[in-house]
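In: give me a model of this one.
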Amino acid sequence: MSVEHGFRATLTARPGKGDEVVEFLLGAPSLTNDDCVVFLVGRSATDPDVVHVTEGWTTAEAHSAFFATEEAQALVANLQTLLDVESTYSDELPVGGKAAF
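Out: Just a heads-up that it's a prediction; the model follows:
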């Protein structure tokens with residue numbers, strides 16, 4: 001399956017809420033969406049309240065369609081309550097590699 005759209009986000013949780021942000025993201029509905037082919041959650045090695053997310057989608061349209069759903073809008077709204085500052089986003093297009101857990 002090809003990936004034509006992706007991004008990387010850095011989220012800063014409210015102090016002490018990094019674990020909750022990670023748990024929340026790992027339960028996200030995008031993990032079960034067939035158009036989301038990359039969904040990696042990581043943490044800063046030096047600050048447990050800084051969380052990184054890398055996503056890869058089959059198309060930009062599939063990503064937009066998912067985030068237009070009521071379920072995704074609720075997810076984003078709930079996530080915001082755990083965050084301390086505005087998240088940063090950058091374009092990223094996964095081109096290959098490996099993730100094994």
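In: quick one: contacts for residue 60?
Out: With contact set as C-beta atoms under 8 Å, 6 or more residues apart in numbering, residue 60 has these partners: 4-5. The C-beta positions use only the backbone N, C-alpha and C, and glycine is treated the same way.
In: that one and residue 35, how far apart?
Out: 10 Å (C-beta to C-beta, to the nearest Å).
In: can you check residue 6 too?
Out: Applying C-beta to C-beta, the value for residue 6 to residue 35 is 12 Å.
In: tell me the mean pLDDT over the helix or strand hosting residue 77?
Out: Taking DSSP states H and E as the criterion, residue 77 maps to helix 70-80. The average of the pLDDT scores along helix 70-80 is 92.
In: may I see the buried residues of that helix?
Out: 72, 75, 79 (16 or more other C-beta atoms under 10 Å).
In: one more: stretch 27-40?
Out: 28, 30, 33, 35-39.
In: and the nearest residue to residue 44 once chain neighbours are set aside, how many neighbours does it have?
Out: Closest residue to residue 44 apart from its sequence neighbours, by C-beta to C-beta, 6 or more residues apart in numbering: residue 50 at 3.7 Å. Using other C-beta atoms under 10 Å, residue 50 has 17 other residues around it.
In: quick one, strands of this structure?
Out: Assigned by DSSP state E, the strands in the chain fall at 5-12, 36-43, 50-57, 88-91.
In: which ones are touching residue 1?
Out: Going by C-beta under 8 Å, 6+ apart, the list of residues near residue 1 reads 37, 58.
In: ok, it to residue 25 distance?
Out: Counting by C-beta to C-beta, the gap between residue 1 and residue 25 amounts to 22 Å.
In: now do residue 34
Out: Per C-beta to C-beta, residue 34 is found 19 Å from residue 25.
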